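# what shape does this take:
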Amino acid sequence: MTTTTTWTDDELDRIEHAEELDIASLRSSGTLSSWRTIWVVRVDDEIYVRSVYGPGSDWYRGTRGRHEGCIAAGGVTKDVALLDLADETDADEINEAVDAAYRRKYGHYAPSIIQAITSDTASSTTMRLDPR
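Numbers count the residues shown, from 1 in each chain. Next comes the predicted model:
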């Protein structure tokens, strides 16, 4: 995997250990959308999110215009670029690692919830968050 982010080790650790992440997408007007609370995982030195409800989710659809937003998790607040995993050449390999990270981190939830966040529908929305 190619690392192109500039997260600090402290930021990576704090986001990784946060149970949830708040995200707001940047609208075409330059204003932020409403904040949404979602799950977040770390794979190596990268941060990933996805929509459990797939591409139809309001917050996910809001990311489609500018692919930018702001996140807050574990005491870290950062403007981010939202990069679609589908655009990566090693997307399948990364998605498998992201699935495994979701299972490890959130495995204490009901199996149906873990199945939803690791489903093909959810996986189709996987995005890497790069600080900007």
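# for stretch 111-130, measure first residue to last.
30 Å (C-alpha to C-alpha, to the nearest Å).
# tell me how many other residues crowd the residue nearest to Gly107 when sequence neighbours are not counted.
Closest residue to Gly107 apart from its sequence neighbours, by C-beta to C-beta, 6 or more residues apart in numbering: Ile114 at 6.3 Å. No exception for glycine: its C-beta is placed from N, CA and C like everyone else's. Using other C-beta atoms under 10 Å, Ile114 is surrounded by 17 other residues.
# isn't Ile114 up against Arg104?
No: using C-beta atoms under 8 Å, Ile114 makes no contact with Arg104, being 10.2 Å away.
# got any ranges where the protein has weak pLDDT?
For the chain, applying pLDDT under 70 flags the ranges 1-5.
# which residue lies farthest from the center of it?
Most distant from the centre of the chain: Ser29, at 22.8 Å, with distances by C-alpha atoms, centre = their mean.
# pretty sure that residue sits in a strand.
No: per DSSP: H, G, I helix; E, B strand; the rest coil, Ser29 lies outside any strand segment and is coil.
# quick check: buried residues in stretch 66-76?
Glu68, Gly69, Cys70, Ile71, Ala72, Ala73, Gly74, Val76 (16 or more other C-beta atoms under 10 Å).
# and the end-to-end length of it?
22 Å.
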